[in-house]
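# sequence and predicted model, in that order:
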Amino acid sequence: MASPDELVRLIGHLYEMERFLQADEKRPKQHGKISLFDSEIRALLAIFTQEGQSQAELCRRLMRSKGVTSGVVDRLEEKGLVRRDKKDTRCLLYLTERGRYICREKRELDFRRANEAVEEIPVELEDLRSANEVLEQLILYFRKKCGQESAQ
């Protein structure tokens with residue numbers, strides 16, 4: 001049985017990580033000679049994992065409003081990374097070749113950074129798996145609480 005004290009401690013650590021991530025997120029980064037904010041790269045990767053999803057589905061997956069998501073997709077479209085296809089009343093999202101290239105480049109970069117971290121942080125594989133399982137369970141719990149059960 002989990003200890004409420006340890007769960008509160010874990011959530012405190014997550015908030016601290018969030019502060020680091022938010023501070024880093026405010027600066028655009030170069031990806032394939034294109035300047036992208038983290039919100040744009042997250043949307044790009046979400047489309048990469050499920051091309052052909054509607055813009056409404058992307059809103060749910062990113063947990064952002066229609067207006068914010070539309071603005072992000074507009075910028076990605078202007079940069080030549082995403083294209084919208086109108087289908088009935090829905091707007092389906094697809095990556096361009098350039099968008100796919102940037103997603104593959106980003107995943108490789110993330111993998112290299114993870115390798116660097118693994119070299120410096122002495123964490124056992126089983127501990128990391130356990131931490132991921134706990135975080136996945138917490139995410140599912142909070143999605144249910146927030147009415148986001150279908151988001152992935």
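Thanks, I have the structure now.

# what's downstream of the longest helix along the chain, the next helix or strand?
Assignment by DSSP state H gives helix 97-120 as the longest helix of the chain. Later in the chain than helix 97-120, the nearest helix or strand by DSSP states H and E is helix 125-145.

# what strand or helix carries residue 59?
Going by DSSP H and E, residue 59 is in helix 55-62.

# after that helix, which helix or strand is next?
Immediately after helix 55-62, counting by DSSP H and E, sits helix 66-78.

# check which residues of that next one are buried.
For helix 66-78, burial by neighbour count (16 or more other C-beta atoms under 10 Å) applies to 69, 70, 72, 73, 75, 76. C-betas here are computed from N, CA, C, even on glycine.

# contact partners of that helix?
Here helix 66-78 makes contact (C-beta atoms under 8 Å, 6 or more residues apart in numbering) with 39-40, 43-44, 55-56, 58-59, 62, 64, 82-84, 93, 99.

# got a quick PyMOL command for the buried subset of these?
To isolate the buried members of the contacts of helix 66-78 in PyMOL, using 16+ other C-beta under 10 Å:
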select buried, resi 39+40+43+44+55+58+59+62+64+82+84+93+99
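
# out of the contacts of helix 66-78, which comes closest to residue 129?
Using C-beta to C-beta, residue 62 comes nearest to residue 129 of those, at 26.2 Å.

# ok, the closest one - contacts?
42, 43, 46, 69.

# chain center to the helix or strand residue 12 falls within, what's the gap?
Element membership of residue 12 [criterion: DSSP H and E] is helix 4-25. From the chain centre to the centre of helix 4-25 is a distance of 16 Å (C-alpha atoms, centre = their mean, to the nearest Å).

# kindly export that helix (C-alpha atoms) in CSV.
This file holds the C-alpha atoms of helix 4-25, laid out as CSV (Å, rounded to 0.1, in the frame of the first residue of the first chain):
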residue,chain,number,x,y,z
PRO,A,4,0.2,9.3,1.3
ASP,A,5,3.4,11.0,2.6
GLU,A,6,5.5,9.5,-0.1
LEU,A,7,2.9,10.3,-2.8
VAL,A,8,2.9,14.0,-1.6
ARG,A,9,6.7,14.0,-1.8
LEU,A,10,6.6,12.5,-5.3
ILE,A,11,4.1,15.1,-6.5
GLY,A,12,6.3,17.8,-5.0
HIS,A,13,9.2,16.5,-7.0
LEU,A,14,7.0,16.6,-10.1
TYR,A,15,6.1,20.2,-9.5
GLU,A,16,9.8,21.1,-9.2
MET,A,17,10.5,19.3,-12.5
GLU,A,18,7.7,21.2,-14.0
ARG,A,19,9.3,24.5,-13.0
PHE,A,20,12.6,23.5,-14.7
LEU,A,21,10.7,22.4,-17.8
GLN,A,22,8.6,25.6,-18.0
ALA,A,23,11.6,27.8,-17.7
ASP,A,24,13.3,25.9,-20.5
GLU,A,25,10.1,25.9,-22.6
